[in-house]
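In: When you get a sec, could you give me coordinates for this:
(chains A, B, C and D)
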Amino acid sequence: MSTIVKFENVVAVAGSFPVLTGVDISVQEGEIVLLQGKNGAGKTSFLRACAGLLRINDGSAQVLGFDLRVNRQAPRRYIGLLGHENNLYRDLWAIEHVEFRAVLGGGQKSDAAEALARVGLTSRLWSVPISALSAGQRRKVAIASLIANRPQLWLLDEPHSALDALSRADLNAILKEAAASGATVIFASHEGVLSEELSSRVVTMRGGQVVGDSGAR
Amino acid sequence: MLAEVLLLARKDLRIERRAKVAVGQVAPLTLLIVVVFAFALDANAPLLEIGAGGLYWVAVLYGGTLLTQRAFEIETEGGNFDDFKMSPIKAQSLFLGKSLSLFIQICALELVLTPAILLLYDVQVAEWLLLIAAGVAGAVAFSVCGVLWGVMAAGLRVRSTLLPLLLIPVLAPVLLAGSRAFETALGIRADAGWSWTSLMFVIAAVHTVVGLAAFGFLLEES
Amino acid sequence: MSEVATVAIGWGLTFVVIVTYSLWVVSRGRTIGRKIGIGEVHQSGQLQESDLPTDT
Amino acid sequence: MPERTDDSKMTATPLTRVLGILGIAASVVMAVLGLFISPPDVVQGEAVRMLYLHVPSIWIAYGSFVLTSISSLLFLARSKRREDSGRHYDRLAGSAAEVGVVFTGLTLITGMLWGKVTWGTYWQWDARLTTTVLLFVTYLGYLALRRLPADPVVRGRRAAVMALISFINVPIVHYSVDWWRTLHQKASLSVGRRPEITGEMYWTLLYSALTVTIVGAWLIIHRYRVIRLEEIRDEENLKMLISSRHQEKPTDSTAAGEVS
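Out: The predicted model follows:
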């Protein structure tokens, strides 16, 4: 089993505010890590730093074997990031959007239908502009876009938000399946029971640091 | 790479076809400007005829800036630049794809504006070929410059004011060359219209080279 | 406007612009320098008038 | 005198103090030379005295912009290898551009006044004037871009790319404007050509250039140090913020995330 994420005393700054103030964490392949902490604890920033989108000012950081302080771009194509926002083009149809994202990520157009079916979006809604979908349906389109890219490392920010109970269970099944097949999942969530049921390890953040870790080794 | 460029351009154009911002808002707005120029110049027919080429390109400059802003708005409103950064797609493809879709939109804008000045400013076309060549050259130069500076302003909160400030000085030579070329094409001045047209192509080429080299950097910092 | 007056205005304006800009730069440096100085514990000397940058 | 380093609280060091005094002294001599000792021009009369400011100003402005471009290039090269290195090139680029903008502005003012006396009008759509005003606006945009709050490395790279593109643009702008005027204005404008400068006037001009160079260098060095001080201030603020974040308690504000 290899180490997917290894952060040592990582400091990162957004604007002039220190969003990460010395993060130490190491995540192994196949783990499903739940990030907890109040708003502003640094969960989102940690996910963005893992994705190579946030410049690291101090400390050492390795993701998928790449040193982020040398090359932040290299690991990105193996990572799927789902942010707070869904990153959707409002005027595209759901199927068009997922097709676009699948091809963008180096996959096939045909992956799109499979991914949309997997998240349980009824095919009636596939050819509807995204702006006409509900919040939960949009979230599903965003998740389908990730599935189409088959990432090795999933970074999810509040993945359950806006989803109904059935869809949440669906999502958990998808993530467990991905982890079982060798992917690694790190997600931030406020959904207590549902998240703990999914996760294999719980990490608590506060003030831009990791302050609690159920699975530290 | 060509496939990537086409993929991106097609996506942009599809969004534009659905949202109809260029057709529904920018084009009527530039038409309005053509009309307002006539008010400003007191509907002075000889003056409008002499100024037709220049006024045309000022209207294109205005509409084109709006289209450039719109081209980056569709990416930033949902945070989609992150997806480009996360994907293995080349920054150069993104630059060319965006330029291509902007080019097509500006051409469409020109297709609306050209008959407008012909009818409203009472000018005749002396050289059709030159008119078309100059229109295309201007659109190419405009789109590559626009995309190059658009991405620079894209991540910033004050982009709607910053983009014109950065873009217009750069486009000043295009405006100058376009106006002169049109004056020749419309038979107002018999000067070197073709040379001005080739100057626009040179400007476009220079900015394409710069864009291909620098776009990766700019995207990363947007 | 006579030639002499124009020349006088030109030189005067130039002088004013450069002096104003210099003063702004120097005073900005001093303000920030003081602010940083407050944060520091070790004494690298109180500011003395003679230490001020002399140029305008 | 207290021991001080480059990073100390002031922007002055012995070197710049000497340079500053030299600048003042040279400026006084320059004023005497330019305004009183050098003779009026045969064609232009007293107006020629404006050129002792006008010509050196644009030289310094061009020099500053060249400096900005070179340092931007070096910054990009260094920063590409390692993100947080080469910051001093970024500072140099920023300070040189600001001083360049000041001197471009002065060039425009003195040029317009000179034009009023010589051509009888403040403004001619002459190639040099038009290029200069576009140059002025371009670098004002550059400074606006630099002022926006952002991560220093991000801001530096963005600004560096813009500086390089702007620099490439200068000849394009100049060429097209030049061509525009020669095509349509014909010779109507060449009445008030710049004078042939010889003898005492030549030496005065050369001396003025030297003086303005000293003043410009002094300004750039000081501006550079102010930027450095700002960075030190920001770094200290950051340290304080980090340690205050370490003090954050789980009970701070709403502990919404702590329910589980």
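In: drop to CA atoms for contacts and neighbour counts, all remaining ones
Out: OK.
In: Please, which helix or strand holds residue A:72?
Out: Element membership of residue A:72 [criterion: DSSP states H and E] is none; it lies in no helix or strand.
In: Pop out the phi and psi values for it.
Out: Summarising the backbone geometry of residue A:72 under the convention degrees, to the nearest 10, its torsions are phi -80, psi -20.
In: OK, contacts around the closest residue to it other than its chain neighbours?
Out: Counting by CA to CA, 6 or more residues apart in numbering or on different chains, residue A:52 is the residue found nearest to residue A:72 once chain neighbours are left out, at 4.7 Å. Counting by CA atoms under 8 Å, 6 or more residues apart in numbering or on different chains, residue A:52 makes contact with A:68, A:72-73, A:75-76.
In: burial measure for residue A:197, as a count.
Out: Using other CA atoms under 10 Å in any protein chain shown, residue A:197 has 9 neighbouring residues.
In: And the next helix or strand past the helix or strand hosting residue B:83?
Out: Secondary structure assignment for residue B:83, by DSSP H and E: helix B:81-86. Note on helix B:81-86: by DSSP H and E, the next helix or strand toward the C-terminus is helix B:91-120.
In: Quick check: buried residues in that next one?
Out: B:91-107, B:109-110, B:112-114, B:116-117, B:120 (16 or more other CA atoms under 10 Å in any protein chain shown).
In: Quickly check: that helix near chain D or not.
Out: No. If you take CA under 8 Å from any CA of the partner chain as the test, helix B:91-120 misses chain D, and the best it gets is 15.1 Å.
In: helix, strand or coil for residue A:58?
Out: Of the three states, residue A:58 takes strand according to DSSP: H, G, I helix; E, B strand; the rest coil.
In: Excluding sequence neighbours, find me the nearest residue to it.
Out: Once chain neighbours are set aside, the closest to residue A:58 by CA to CA, 6+ apart is residue A:11, at 4.9 Å.
In: can you confirm that neighbour is in a helix?
Out: No. Under three-state DSSP, residue A:11 sits outside any helix and is assigned strand.
In: Pairing partners for it in the sheet, please.
Out: According to DSSP bridges, the residues that bridge with residue A:11 are residue A:21, residue A:58.
In: Look up how far residue D:29 lies from it.
Out: The gap separating residue A:11 from residue D:29 is 54 Å, by CA to CA, to the nearest Å.
In: Neighbour count: those two, which is higher?
Out: Of the pair residue A:11 and residue D:29, residue A:11 is the one with more neighbours under other CA under 10 Å, namely 25 against 15.
In: tell me which residues in the worst-scoring helix or strand of chain A on mean pLDDT are buried?
Out: Within chain A, confidence by mean pLDDT, DSSP states H and E is lowest for helix A:192-198 among all helices and strands, at a mean of 76. Residues of helix A:192-198 classed as buried by neighbour count (16+ other CA under 10 Å): A:194-196, A:198.
In: Export the residues you listed as a markdown table, with columns for distance to chain B.
Out: Supplementary listing: the buried residues of helix A:192-198 in a markdown table, determined by distance: CA to the nearest CA, whole Å:
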| residue | distance to chain B |
| --- | --- |
| A:194 | 27 |
| A:195 | 25 |
| A:196 | 28 |
| A:198 | 26 |
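In: Give me the subset of those residues that also touch chain C.
Out: Taking CA under 8 Å from any CA, there is no overlap between the buried residues of helix A:192-198 and the neighbourhood of chain C.
In: Show me which of the residues you listed is closest to residue D:23.
Out: Lowest distance from residue D:23 to the buried residues of helix A:192-198 (CA to CA) belongs to residue A:195, with 69.3 Å.
In: I figured that closest one hits residue A:176, correct?
Out: No. At 11.7 Å, residue A:195 does not count as touching residue A:176 under the criterion of CA atoms under 8 Å.
In: re the thing from before, may I have the secondary structure class of the residue nearest to residue A:72?
Out: coil.
In: Any figure for the gap between it and residue A:78?
Out: 11 Å.
In: Where does the prediction get shaky in the stretch 51-200 of chain D?
Out: Scanning the stretch 51-200 of chain D for pLDDT under 70 picks out the ranges D:183-198.
In: How about the contacts made by the residue in it that chain C sits nearest to?
Out: Here the stretch 51-200 of chain D gets closest to chain C at one residue, residue D:110, 5.5 Å apart by CA to the nearest CA. When contacts are counted by CA under 8 Å, 6+ apart, residue D:110 is found next to C:10, C:14, D:50-51, D:53-54.
In: Restricted to helices, list the residues you listed.
Out: Members of the contacts of residue D:110 lying in helices (criterion: DSSP state H): C:10, C:14, D:51, D:53-54.
In: Format those residues as a markdown table; extra columns: distance to residue D:233.
Out: Conversion of the ones in helices among the contacts of residue D:110 to a markdown table gives the following (distance: CA to CA, whole Å):
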| residue | distance to residue D:233 |
| --- | --- |
| C:10 | 38 |
| C:14 | 32 |
| D:51 | 42 |
| D:53 | 37 |
| D:54 | 37 |
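In: Neighbour-wise, give me the winner out of the residues you listed.
Out: Neighbours here mean other CA under 10 Å. Within these, the largest count is held by residue D:54, at 28 neighbours.
In: what about the residue in the stretch 151-260 of chain D positioned nearest to chain C, which SS state?
Out: Sorted by distance to chain C under CA to the nearest CA, the residues of the stretch 151-260 of chain D start with residue D:226, at 5.0 Å. Remark: residue D:226 carries the secondary structure label helix [criterion: three-state DSSP].
In: I'd assumed residue D:32 was in a strand, is it?
Out: No. Residue D:32 sits outside any strand when classified using three-state DSSP, being helix.
In: Give the burial count for residue D:171, as a bare number.
Out: Other residues near residue D:171 number 12, with proximity taken as other CA under 10 Å.
In: tell me the secondary structure for it?
Out: In terms of secondary structure, residue D:171 is helix; the call rests on three-state DSSP.
In: could you measure it against residue D:62, distance?
Out: Here residue D:171 is placed at a distance of 12 Å from residue D:62 (CA to CA).
In: Residue A:111 too?
Out: Look at residue A:111 and residue D:62: by CA to CA, they are 56 Å apart.
In: Which parts of chain B are helices?
Out: Read by DSSP H, chain B holds these helices, from start to end of the chain: B:2-19, B:21, B:27-40, B:45-76, B:81-86, B:91-120, B:128-154, B:159-185, B:193-221.
In: picking that back up, briefly note if the least confident helix or strand of chain A comes near chain D.
Out: Yes. Contact between helix A:192-198 and chain D is present through A:192-193 (criterion: CA under 8 Å from any CA).
In: Low-confidence bits of chain A, can you list those?
Out: Counting by pLDDT under 70, chain A shows low-confidence ranges at A:1, A:216-217.
In: ranges for the strands of it?
Out: Using DSSP state E, the strands of chain A run over A:3-14, A:17-28, A:32-36, A:56-63, A:66-67, A:79-82, A:153-157, A:184-188, A:201-206, A:209-213.
In: Now do the fourth one: which elements does it pack against?
Out: Meaning strand A:56-63. On a contact count with 3 or more CA pairs under 8 Å, 6 or more residues apart in numbering or on different chains; DSSP states H and E, strand A:56-63 meets strand A:3-14.
In: separation between the residue of chain C found nearest chain B and residue D:223?
Out: Chain B sits closest to residue C:21 of chain C, with a gap of 23.7 Å, by CA to the nearest CA. Spatial separation of residue C:21 from residue D:223 under the definition CA to CA is 10 Å.
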